[in-house]
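A.B. asks: Next come a sequence and a model predicted from it.
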Amino acid sequence: MKSLESFWRTLFKECAAQSRINPNLDLKKAQARIENEGLSFLTITLPDFGKSFERCLDTGRVESTDFPGFSRIGSGPLPKFMGGFLTRVFDVQSGELLAAPDIDVIRHVRQVTLALGKVKLPCGKSRVKRAFNKYVQLEQELRQQVIHPTLREDVTQVASLLFADVFASLSDLLEDPWGVVGKHGPGNTADRLTANGRIHHKKWPTRFEGLFPYIDHALPSPSSNYIDEMESVQFLDLGDELPVRVIQVPKTLKTPRIIALEPAYMQYMQQAVLEPLVELLETQTVAQNTRRNLCYKMVGFTDQDPNRELARRGSMDGTLATIDLSDASDRVTVEHVKVLTDRFPIIQETLLLLRSDRAKVPGHGVIPLSKYASMGSALCFPVEAMVFLAVATLGVLRAKQHPLTRKHISQVQGEIRVYGDDIIVPVDSVPSVISLLEAFGFRVNAQKSFWTGKFRESCGGDYYDGCNVTPVRVRHVLPTSLTDVDSVVSSVELRNNLYQEGLWMTAKWLDGWIGGILPLYPSTKPNTGGVTRHTVVDRFVGPLECDYDRQVPIVKALVSKPRVPEDPIDDWPALLKWFIKRGDLPLQRDHLIRQGRPSSVDLKKRWSPAF
């Protein structure tokens, strides 16, 4: 962990130098705090400092309650720590935001405070236990929720306007026996089946047989050649279905991420519906309908840039707000989905069919679920986005005193956009939108929602007055040997991101660290592949050769090569795997022998393009 401390000190010095600030006093204070608090000062305390800074940018002033745990400059509200930076943004006496704050300083404050806030580190047992307890407590809270009848009807009306064309086209696909095709995702499953092993479905819910019969979806063909295979299938009644398996995965040192692993049969059919649903939502015109799809500019799943551009615009002209929700996925309930789909029976039946109604939670056993789905369900992300979009659109229409019509939704189309739980709405509609979101059972994260100042953030893009102030973040601890492949690859990516942002001193420090581990560490132009350090100058660290077939210079570098586990498959499941394949590209050569997430990753010497 000393390496992260050294890295941060180098980063701090460079940001201070670029802002023309003496870093010595701040570094002494930081050193004392690190000795007292350990790594948590860099990964928890400093990120909290950065969040306070964001909040002050939004409110336009620093209060005495901001930046808790830090002493103040004289009798004013500004903290002594990083005071040299903050006095270039806020008035030292009143705490008011300066008329022309230094945007480079804003960027540097965010960089040094937030750089280590999302390092993937395992949490302590008490924090993990607290996260699981919160998951269960939230379930108990959801059972008490009641949606007001008027709100319910209005959200249903808006949803029918937004998604009518999408739901109608999806309904047509669902009524066709082979309109949707199953697919397995890359993640693990509750039944712990291997990637190839889950192709052969030995268990199938009885309730699937109405819309998704086994013979149509889990066999290569409904012909008599495969009918006998159904004799060995265990058809599960509702009470016999596997519960989702709730687990924690590293997120930050402060808290883990809680996700739920679905059974293989559930994952398979969720993916079957996810694919056409997302495609329809993002398509300008749906099926044979020449009428423009009303929601395609308002919701996204594959491209975050529209959200980022709207956030940038909002930071400049102040017309758009960015709203973030707490526990967004876990607060979308079955009742919310029913409200969303009340006028589309087959869509409602399908979405409710493709969810697990119980969860196995460490320390709590198996509990019933009121939420629609946890993170881990393939349908969690699109369903939550549709629910948030419907409620946000209703809030905007009410704020503008517009009737609930297609025409009036079209008028606000360019001012509303949802990507997961990242919501963008007009500033003058914020009170109405927040009121409706909370009335519908959601919780707005006030610390990450912005609308009063010139700071906005959405989908990983942070902006102040139209300028990008997104920090480069460290995702893994720095490697200590060549065997730490994930850390090596992540650290090289970190180095290249810092270099791209003009933090060359820190990038050079990382070059020294990484170069002491890697036997090959050449310089190349960006986007060339391989574990290489990027450069914008015409200077390469050899050995440099020429690929005469493509007439381009090549350089020997390390390339990450995943080690795919053995997972043999044959007979009709192998044929089914071919039938459910997506795209025109062939399957990997040995896919019938090896499949699944890599059990490990190796670094191999290869020739790679130099630019």
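C.D. replies: On my side now, so go ahead. The structure displayed is predicted, hence computed values, not measured ones. Numbering: from 1, shown residues only.
A.B. asks: contacts and neighbour counts: CA atoms only from here.
C.D. replies: Fine.
A.B. asks: Pull out the buried positions in the longest strand that the chain contains.
C.D. replies: The strand that spans the most residues within the chain, counting by DSSP state E, is strand 552-563. By neighbour count on 16 or more other C-alpha atoms under 10 Å, the buried set for strand 552-563 is Ile554, Val555, Lys556, Ala557, Leu558, Val559, Ser560.
A.B. asks: same deal with stretch 313-324?
C.D. replies: Arg313, Gly314, Ser315, Met316, Gly318, Thr319, Leu320, Ala321, Thr322, Ile323, Asp324.
A.B. asks: Surely the last one is in a helix?
C.D. replies: No. The secondary structure assignment for Asp324 gives strand rather than a helix, going by DSSP: H, G, I helix; E, B strand; the rest coil.
A.B. asks: That one and Val433: what is the separation?
C.D. replies: Relative to Val433, Asp324 is positioned 12 Å away (C-alpha to C-alpha, to the nearest Å).
A.B. asks: With the third one instead?
C.D. replies: Relative to Val433, Ser315 is positioned 19 Å away (C-alpha to C-alpha).
A.B. asks: phi, psi of Phe381?
C.D. replies: Note on Phe381: backbone dihedrals following degrees, to the nearest 10 are phi -70, psi -50.
A.B. asks: Centre of the chain to the longest helix along the chain, how far?
C.D. replies: When the chain is scanned for its longest helix (criterion: DSSP state H), the result is helix 149-175. For helix 149-175, the separation from the chain centroid amounts to 26 Å (computed by C-alpha atoms, centre = their mean, to the nearest Å).
A.B. asks: Nearest to Trp607 among the buried residues of stretch 313-324?
C.D. replies: Arg313 (43.1 Å; C-alpha to C-alpha).
A.B. asks: The closest one: what's it in contact with?
C.D. replies: Applying C-alpha atoms under 8 Å, 6 or more residues apart in numbering, we find Arg313 in contact with Thr319, Leu320, Gly466.
A.B. asks: Name the nearest of these relative to Trp578.
C.D. replies: Distance to Trp578 across the contacts of Arg313 (C-alpha to C-alpha) is lowest for Leu320, with 46.9 Å.
A.B. asks: which parts of stretch 300-310 are buried?
C.D. replies: Gly300, Gln304, Pro306, Asn307, Arg308, Leu310.
A.B. asks: Now the terminal residues of that stretch, how far apart.
C.D. replies: With C-alpha to C-alpha as the measure, stretch 300-310 spans 13 Å from end to end.
A.B. asks: same check, this time on stretch 238-254
C.D. replies: Stretch 238-254 stretches 37 Å from its first residue to its last (C-alpha to C-alpha).
A.B. asks: now stretch 137-153
C.D. replies: So stretch 137-153: terminal residues 29 Å apart, C-alpha to C-alpha.
A.B. asks: ok, now stretch 444-461?
C.D. replies: 19 Å.
A.B. asks: tell me how far that stretch is from the chain's mean position?
C.D. replies: With C-alpha atoms, centre = their mean, you get 16 Å for stretch 444-461.
A.B. asks: Any chance you could list what contacts it?
C.D. replies: Defining contact as C-alpha under 8 Å, 6+ apart, one finds that stretch 444-461 is touched by 51, 54-55, 57-60, 304, 307-308, 311-312, 314-316, 318, 320-326, 419, 422-423, 427, 430, 434, 437-438, 462-465, 468-470.
A.B. asks: let's see 6 Å
C.D. replies: Here stretch 444-461 makes contact (C-alpha atoms under 6 Å, 6 or more residues apart in numbering) with 58, 308, 311, 315, 321-326, 462-465, 470.
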